[in-house]
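A.B. asks: Let me see the structure of the following:
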Amino acid sequence: MNKKITMINLDLSIDTGTILYVTIDDLKFSADEDQVTIIVEMENNGSYEFIDEIYLPEDALVLQGHDDLKRYALNWVFENVEIVKGF
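C.D. replies: Have a look, this model is predicted:
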């Protein structure tokens, strides 16, 4: 049988988590509950490519929910996105 992965030992311990995400136009901002960063990705032909990583300040290492993530996302957009007139 052709398996994709070969392992010597498999513990079968299972961990779960929650990933919050917010999309603004083609930008996706996601944060895992146990990480101290927000990942910024941009949709490109149906898949997302990495753009940036936002490091959370030490006093805000835990996002309380989507509203916190939206605030960080909008701040990032205002500081990093240039809007130009179309052709």
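
A.B. asks: Any idea which residue is closest to the centre of this protein?
C.D. replies: When C-alpha atoms, centre = their mean is applied to the chain, the residue found nearest the centroid is Ser30 (2.4 Å).

A.B. asks: Who's the closest spatial neighbour of it, skipping the chain neighbours?
C.D. replies: Residue nearest to Ser30 in three dimensions, not counting chain neighbours: Tyr21, with 4.1 Å by C-beta to C-beta, 6 or more residues apart in numbering. To be clear about C-beta, it is placed using only N, CA and C from the backbone, and glycine gets the same treatment.

A.B. asks: what's in contact with stretch 45-61?
C.D. replies: With contacts defined as C-beta atoms under 8 Å, 6 or more residues apart in numbering, stretch 45-61 is touched by 27-29, 36-42, 63, 68, 72, 76, 80.

A.B. asks: If you could redo that for stretch 29-38, that was the one I meant.
C.D. replies: Residues contacting stretch 29-38 (C-beta under 8 Å, 6+ apart): 17-23, 39-41, 53-56, 61-63, 69, 72-73, 76.
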